[in-house]
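prediction below, plus the sequence it came from.
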Amino acid sequence: MNWIELDTWIAATAAVTAMACVIPGLFLFLSRQSMMTHGVAHAVLPGIVIAFLITHTRDWTGMMIGAVLASIATGVLTSFFQSFGRVEPGAALGITFTTMFALGLVLLRVYADFVHIEPNHVLYGNLELSVLDSNTPPPVFVRSLFILAVNLVLMLLFFKELTISTFDPELACSLGFKPQLVQYGIMSVTATTAVVAFESVGSILVIAMMIAPPATAYLITKDLKKMVVLAFLLAAGTAFIGHLLSIRVFGGITGALFGLERIGATNTAGGISVVCGALFLAVLFVKRERQVGF
Amino acid sequence: MDTEFLQRFADALLNMSYNQKVIYLGVVVLGAASGLAGTFLLFRKRSLLSDTVSHATLPGIAIAFLLLHAAGRYEKQMVPLMIGAFVSAWLSMQMVRWIRKYSRIKDDAALAVTLTAFYGLGVVLRSVIQQTPSGNSSGLESYLFGMVASMVIADAYVIIGLALVCGVLCLLCFKEFSLLCFDARFAQTQGYPTAGLDVAIMTLAVSVAVVGLQSVGLLLIMALLIIPAVTARFWTNHLGRMVLIASGIGGVSSFIGAVISSVFPRVPAGGAVILSAGCLFLFSLMFGRTCGWAIVVLRRIRLQQRLREVQFLRAVFDTLEKQQQIRLLVGYEFDRSLARTPVSISAVVAKRDWTDKTVAQAAGRLANKQHLVHVDASSIQLTKAGLERAIDCARNHRLAELYLLNYADVAPQNVHQYVEEIEEVTTPEIAADLRSLFHDELAAHEIPLEPHEVR
Amino acid sequence: MSEDSNLPLKVSDLTVAYGRKPVVWEASVEFPSKSLAAIVGPNGAGKSTFLKAVLDLVPRTSGRIEYFGKSYATARSRVAYVPQRETVDWDYPINARDVVAMGLYRKIGWCRWISRAHKQKSLDALTRVGMEEFAERQISELSGGQQQRVFLARALVQDADLYLMDEPFAGVDATTEKAIVEILQALKRSGKTVVCVHHDLLTVSDYFDHLLLLNMRVVASGPIAEVFNVENLKSTYGGRLSLLSKFTDALANKDEIEAGG
């Protein structure tokens, strides 16, 4: 298949979304809470559904508020289970987000007549369809650009606070900063970014983009600022490469492997995730260093 | 409306066909197996690994489906798909280990990157499958959300068989697994292949995840591996019992979920199962036996009650002591024969800020334990056992006060308050320690004098 | 000006408990101005907890803390803290100079960026600890002693009047130890007060001039010449206090005892 103008919009939307995702992802990665991205991406579902049931429209403000509240609930519950029930951090997160996701799923199915959210759509995203709009640039692209701008401004404003809270929360505390507040801030941003990204790229790419580019950049450089820039470049680069491979290569390869004919373009979000993962593994292979104790 | 629901519940529970029974049994056994594997995973601090491996089954399923398709087999077949799922989930687990072994990337990021890489591949392959002629009837969707209803009896047999294998493996290696969970370094020095055991535990989890896809779906199977294990911790501190309880919770929540899903067709089975497991977790967080909220409160109340009893007994003792009028400079032998005289409650309570109610409650409880008898409305009398306990309490209390004054330099005005805190926790062992520390003093006199003025 | 306002740190009746387990018992102690003080005691004596409680990092059960006669919140800018090295992730992608600059963050304030002047200040602090050539080095590439010096520089850059340090000599080489001692003494000469948790009894009297002997409670405190003697050390490290820790263990396990009994 050939690259047409639509493909440029698809890849550009993916790239912008990916860069927006990198910002909260990077700091969750640095504070060793990468799986929180996955947790928040799932846990926002009941928030969105309930917001939908209250407003009865696909109103963005309502959905955003629902998502942010759900993500904060995730954070509060996770730390409550940790401190009060003495539950191990990973398990506490696991319990919280799976239960919330299950709740969202059940609500979604029970009120399927009122809530027009297709779970498959949320999971896999449908970039190809979402940019199909008479307007140019497509609204989904504009929304992604908006959230990228918001995240960028927040990061530039609070870079110092984000660094100190993720590196040395104790010092941050003794200097009078509020690491807990910063943590909830990061989670709220994760939630809003995830909601915007669901519509275009689906939940799977949200997690891929939040963690894979920062992790890859972390292997390459040991300087935080270079890491941020590199993660941006990787996010944007993989978006274009991933889409290109999705429309030109992946279908053909699988077709050839499994004896299928006429396999067209494959899912772009999935393709980008694969490229992200492959790039990470390649860099890791080159930069590998044996760790002690394993 | 209500009767209609009840009717449907009754139908779901009572009028089951043989096939349905087998399928329910399969679901329950699966829940039990996941509780089992999840407990070990929890103690290896790898709960979220279940998240990654369950997502990583998708490309395996898709590849198996495409291979079957290429071989001309178009109907849905469970066993090959499960083998595919198992292989890719197992590879993902190895990838996590590999990332940890060769980079400074920590567990959380290794899990996240692996998850997305595998799941992304699965999504790509899924979009290929949708373009094949048989793609839409592939039944792949049921792997995402879980469809108990669409299970056939053969599926249930496979689940039961595999779950049993997992259970037997756990029983055989229980000793080794628990050693690894408790102290991996020690296990290594004992010559156990710790890496191998680690892989075995994770393989166990992978197997359960693969088997569970059919009923709960890959998005939620990890919850079955996490929630029952954590919930069980609220009921016991013993690993063996924990494994049993976790299995029970897994089984019960799977059953409840399956029934709900069959009564309300709109409710997806996976969601119902996890929500019931989540409810059991919340219930345990509140009412669990080891550290649930209610039990902590209840214990605090009981402790308070016992403290009041002890304080009351000591107050009675002080009063008796005064009546004997032998407050000398040193300790003394207590005359037990004189002590069994009635004491008026108002004398006991004097100088203490107790309400009438707490006094009445404490006296009532002591009467129930036959430590005292009510002579009349305003006075009480200690029984023989009560007297001994009162003497014991008073002695321990004074020894503790002496200790703090002489050895811990606690200010005299604070001694009383600290000892009040300490005294109820004075175990027989600590009491013995105190007695041997003040051996000389006690050799001369059975009960030391109050080392500070009574407030 | 009251007399207290010259006293860098005054702790009254400090009690700290983890859960139900008291770790520090009603400690009352004063650290005089321009002193170089050590907190010494056996393992588990609550030395680090004492420091953390003083800094509001762990909740206090009771007690009042005064810095220069004021509360911590108001006197924060005059106090610098050097935590134990293990508390942070040394794989974090950041270089030595940026770690030092963190000491300035509060002065810079929320939302504002680090300026060139701030960077220069951080470099100067690194120079004072002899680490200027490692300024651009990523922190995981530093040795244990160098990491400790970076932490010290981070405290120096805060330009505080009171420095609280948790085991600054733990796991450092002999040269670094000497260098750190020199810095501490220079601080003292310039009128600052330093309080260190210390674990080496052999060097206490060489390095410090003021001493707090702590074993869950304050055994003794005062000028080193008066306090550092065999009798005090015996009661700090001796066995009689072991029963006290049994009491606190029992307090912590109250629930279990109650459940079993």
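Alright, I've got the coordinates.

which residue ranges of the stretch 101-250 of chain B form helices?
B:107-129, B:140-145, B:153-172, B:174-182, B:184-189, B:194-216, B:221-232, B:239-263 (DSSP state H, counting those that start in this stretch).

list the buried ones in the third one?
If I follow you right, that is helix B:153-172. B:155-156, B:158-160, B:162-163, B:166-167, B:169-170 (16 or more other Cβ atoms under 10 Å in any protein chain shown). Yep, even glycine has a C-beta here, placed from its N, CA and C like the rest.

for it, name the packing helices and strands.
helix B:18-43, helix B:78-102, helix B:194-216 (3 or more Cβ pairs under 8 Å, 6 or more residues apart in numbering or on different chains; DSSP states H and E).

any chance of those in a markdown table, with mean pLDDT, mean neighbour count and distance to chain C too?
Compiled in a markdown table, the helices and strands packed on helix B:153-172 are given as follows (pLDDT from 0 to 100; neighbours: other Cβ atoms under 10 Å in any protein chain shown; distance: least, Cβ to the nearest Cβ, whole Å):
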| stretch | mean pLDDT | mean neighbour count | distance to chain C |
| --- | --- | --- | --- |
| helix B:18-43 | 86 | 25 | 20 |
| helix B:78-102 | 90 | 20 | 13 |
| helix B:194-216 | 85 | 24 | 23 |
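
and of those helices, who's closest to A:V68?
Evaluated over the helices and strands packed on helix B:153-172, closeness to A:V68 peaks at helix B:194-216, with 28.6 Å, by Cβ to Cβ.

in contact with whatever residue of the stretch 1-150 of chain B ends up closest to chain C, which residues?
Residue nearest to chain C within the stretch 1-150 of chain B: B:R104 (4.8 Å; Cβ to the nearest Cβ). B:R104 is in contact with A:218, A:289, A:291, C:91, C:140, counting by Cβ atoms under 8 Å, 6 or more residues apart in numbering or on different chains.

chain A contacts on the stretch 1-150 of chain C?
Residues of the stretch 1-150 of chain C lying near chain A by Cβ under 8 Å from any Cβ of the partner chain: C:55-57, C:73, C:76, C:79, C:81, C:83, C:87-89, C:92-95, C:98-99, C:102, C:105-106, C:108, C:110-114, C:138, C:140-141.

the helix or strand hosting B:F283 close to chain C?
For B:F283, the enclosing helix or strand under DSSP states H and E is helix B:269-287. No: using Cβ under 8 Å from any Cβ, helix B:269-287 stays clear of chain C, with a minimum separation of 14.4 Å.

and the helix or strand following that helix, how far out from the chain middle?
Remark: after helix B:269-287, the chain's next helix or strand is helix B:293-324, criterion DSSP H and E. Chain-centre distance of helix B:293-324: 30 Å, with Cα atoms, centre = their mean, to the nearest Å.

what pLDDT, on average, does helix B:293-324 get?
Throughout helix B:293-324, pLDDT has a mean value of 79.

still on that earlier bit, just the angle for the helix holding B:F283 relative to helix B:18-43, thanks.
Interaxial angle of helix B:269-287 relative to helix B:18-43 (axes from the mean of the first three to the mean of the last three Cα atoms, to 10 degrees): 50 degrees.

picking that back up, now the buried members of the contacts of B:R104.
Taking 16+ other Cβ under 10 Å as the criterion, what is buried in the contacts of B:R104 is A:218, C:91.

what residues does the stretch 151-261 of chain C have near chain A?
Taking Cβ under 8 Å from any Cβ, the part of the stretch 151-261 of chain C that reaches chain A is made up of C:R154.

tell me which stretches of the stretch 151-261 of chain C form helices.
Here the stretch 151-261 of chain C has its helices, by DSSP H, counting those that start in this stretch, at C:174-189, C:201-207, C:224-227, C:230-237, C:242-252, C:254-260.

which residues touch the shortest one?
Yep, that's helix C:224-227 we're talking about. The contact list for helix C:224-227 (Cβ under 8 Å, 6+ apart) reads C:38, C:204-205, C:208-211, C:213, C:220-221.

recalculate using a threshold of 7 Å.
If you take Cβ atoms under 7 Å, 6 or more residues apart in numbering or on different chains as the criterion, helix C:224-227 is touched by C:205, C:208-211, C:213, C:220-221.

show me which of the buried residues of helix B:153-172 has the smallest pLDDT value.
Within the buried residues of helix B:153-172, pLDDT is lowest for B:D155, at 78.

how far away is that residue from B:V165?
As for B:D155, its distance to B:V165 is 16 Å (criterion: Cβ to Cβ, to the nearest Å).

read off the pLDDT value for B:L405.
Looking at B:L405, its pLDDT reads 69.

just the ones of the residues of the stretch 1-150 of chain C next to chain A in helices?
The members of these that map onto helices under DSSP state H are C:73, C:98-99, C:105-106, C:108.

out of those residues, which are buried?
C:98-99, C:105-106.

ok so, going back, of the residues of the stretch 1-150 of chain C next to chain A, buried ones?
The neighbour-count test (16+ other Cβ under 10 Å) marks C:55-57, C:76, C:79, C:81, C:83, C:88-89, C:92-95, C:98-99, C:102, C:105-106, C:114, C:138 as buried among these.

OK, contacts around the residue nearest the centre of chain C?
Most central in chain C under Cα atoms, centre = their mean is C:M165, positioned 2.8 Å from the mean C-alpha point. By Cβ under 7 Å, 6+ apart, the residues touching C:M165 are C:82, C:194, C:196-197.

before we move on, what about B:A163?
Taking Cβ under 7 Å, 6+ apart, we find B:A163 in contact with B:29-30, B:32-33, B:211.

quick one: the closest residue in space to it that isn't next to it in sequence from B:S247, how far?
Excluding the flanking residues, the one nearest B:A163 by Cβ to Cβ, 6 or more residues apart in numbering or on different chains is B:A33, at 3.8 Å. Counting by Cβ to Cβ, the separation of B:A33 from B:S247 is 7 Å.

on that earlier part again, the residue nearest to B:A163 is in contact with B:C166, isn't it?
Yes: counting by Cβ atoms under 7 Å, B:A33 does reach B:C166; the two are 4.8 Å apart.
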